[in-house]
Structures are given as C-alpha cells and as structure tokens.
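# what would the 3D arrangement of this be:
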Amino acid sequence: MNVCIDVQDVSFTYEDAPEPALHHVSLQVHEGEFLAVLGHNGSGKSTLAKLLNALYLPTEGHITVCGMDTQSDENLWKIRQKAGMIFQNPDNQLVATVVREDVAFGLENLGVPREEMIPRIDAALQAVGMSQFAEAAPHMLSGGQKQRIAIAGILAMQPSVIIADESTAMLDPSGRREVIDTATKLCREQGITVVLITHHMEECVGADRVIVLSNGAVVADGAPKQVFPQVDLLQKEGLTAPVTVRLLDALRAHGMDVPIDALTVSDCADAVAAALKK
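Residues are numbered from 1 along each chain as shown. Modelled structure (predicted):
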C-alpha cells in the first residue's frame, strides 16, 4: 500500500512558547487508511492536523502529502486541494446562502468551468447524502448536516485526503454519528484517506489505526483492538476507554473470562453471553 502522508522527525514550536507542541514525531499514513489521532487538550493533535494541511510548517523535520513537501511554496495550494480540512465549528465554514453555492465555492476558486462544476457538485452532495438539501439555506441545517456540506465542498475538489480536526466537537451525538458515518463511507467506498482528530473514543472504533499523542509525542500506535484495551495508559492520558472496554475490563477484574478487545456493542454482548455459557 502506497504512503499518502509521510511525517519524518517533525517538531513544531509556537512563537514565544517555552516548549515544542510536537516533539520529533514520525508516522506514515497509507492511501485509503482511516487513521484516528487521539489526545487530551494540549497533546498536539490539532497542531499535527494543521501541519498535515500546510497551515503550519514544521520547525524541524519534513512532511510530504501526496508526494509534495509542505515546506515548498509552490506546493501550498496543490496540497490543500489534495488534503481538504474540516474544522471544528461548521458555521465558520459556510460562505454562501444556498447549499449548492457553498459546495461550488472551492471549485470557483480553482477556476473550474461551470459545465464541469455542476456534475461535481451533484456527485459530492449525493456522496454525503445531502442531495435533497441542494437549494436549502445552510443556516437552517443541523450541525451534523452543516459538517456534511463542508465535506461535500471538499469532495467536489476531488481530494485524496480528508483531515477532520475536532470536526464533531460542537455536535450532539446524532450529529457526530452523521459525520463519522459519512467519513467512514467515503474511506471505504471511494478509497479516500481519512485522518480524524478527536478525543471521542467511540468515534475511533471503526478506524484502521489509532495514534495517541501526549505532550507532543506518540505514546501508542496500533489497531483499535490493540490500543483501546490499554485502559491504564488511556486513563493516564486523560482519555476514557469506550464503554464496552470498560465493562469487559471490570468483568475481568471480577474473574469473568472475557476478552477485552470486543469494541462494538454487539461484539461485547456476544463475548459476555459466551462467557456466561461456560
């Protein structure tokens, strides 16, 4: 599998900050991978997101996105076209009074001809399940729907990567589910690489890989079934393991023979039922 994002020994220090926000971070993201980046406030996860989109440039080290070095000025807009970012507040991403026009905004900036724009807008709205709202006013939509419109605007530009920087933080559980389901669908069905920055553990259960950041360094990297059972580590980092993991961990502490890596509710229920039959 080809490497889509390559982070090599990257550090980043904010101006006048006493300590770096990231310390010698190295990681690779492969094409079509769903990577979740977890960490408490101040762990460096949002800094990493902005570095991947070339909004920030490394103080040390190098990042390449789709083969392009983020520190090369001539690559700047190409990188942002290939790696679209969804931000935390959906209202800050909406620029038009009609959904269709909002999705068209990025294409207009790229100078895409009108005849090419229309099918790309329609396809993007269909991909995120928002075709029926094409003529709606964005401010009348729910938070989850607004984020799906933001994703459609990125999709219309035909990206290789979607970076979601705490994009569900301001949404209710239903809205969060909408956004995560949409990102997962795009990854699985269209092969778009997804980098999800979050502190909601449940959002990461379906990811291919999870990275935990702490004080600007990677402290865990692996599949969810490898990372989430590390309950002590997660607690130390101020993260709460998914409720399924916590339940299984408590049952194991009381002597029940259950696995601790049954992450979904159905898998957890099956594991408990199987243990009770023994």
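# alpha carbons of stretch 39-48, as PDB, please.
Provided in PDB are the C-alpha atoms of stretch 39-48 (Å, rounded to 0.1, in the frame of the first residue of the first chain):
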ATOM      1  CA  GLY A  39      -5.200  13.000  22.800                       C
ATOM      2  CA  HIS A  40      -6.200  15.300  25.600                       C
ATOM      3  CA  ASN A  41      -6.300  19.100  25.200                       C
ATOM      4  CA  GLY A  42      -2.700  20.300  24.600                       C
ATOM      5  CA  SER A  43      -1.500  16.900  23.400                       C
ATOM      6  CA  GLY A  44      -0.500  18.300  20.000                       C
ATOM      7  CA  LYS A  45      -3.200  16.600  17.900                       C
ATOM      8  CA  SER A  46      -4.700  19.800  16.300                       C
ATOM      9  CA  THR A  47      -1.200  21.100  15.700                       C
ATOM     10  CA  LEU A  48      -0.500  17.900  13.800                       C
END
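# what comes up buried for it?
Under the neighbour-count criterion of 16 or more other CB atoms under 10 Å, stretch 39-48 has 39, 43, 44, 45, 46, 47, 48 buried. In this view, the C-beta of every residue, glycine as well, is placed from N, C-alpha and C.
# strands of the stretch 1-150 of the chain, residue ranges please.
3-12, 22-30, 34-38, 60-65, 68-69, 83-86 (DSSP state E, counting those that start in this stretch).
# pull the distance from the second one to the chain's centre.
Which is strand 22-30. Put simply, strand 22-30 sits 15 Å off its chain's centre (CA atoms, centre = their mean, to the nearest Å).
# that one to strand 60-65, inter-axis angle?
Calculated by axes from the mean of the first three to the mean of the last three CA atoms, to 10 degrees, strand 22-30 forms an angle of 20 degrees with strand 60-65.
# buried set for the stretch of helix or strand residue 179 belongs to?
According to DSSP states H and E, residue 179 maps onto helix 173-190. Judged by neighbour count using 16+ other CB under 10 Å, the buried positions of helix 173-190 are 175, 176, 178, 179, 180, 182, 183, 184, 186, 187.
# if I look at the residue nearest to the third one when sequence neighbours are not counted, how far off is residue 136?
This means residue 178. Ranked by CB to CB, 6 or more residues apart in numbering and with sequence neighbours excluded, the top spatial neighbour of residue 178 is residue 144, at 3.6 Å. Applying CB to CB, to the nearest Å, the value for residue 144 to residue 136 is 14 Å.
# the two: which has the busier surroundings?
residue 144 (22 against 16; other CB atoms under 10 Å).
# if I pick that one, what's in contact with it?
Applying CB atoms under 8 Å, 6 or more residues apart in numbering to residue 144 gives the contacts 171, 172, 174, 175, 176, 177, 178, 179.
# looking at these, which is nearest residue 160?
Of all the contacts of residue 144, residue 179 has the smallest distance to residue 160: 19.4 Å, by CB to CB.
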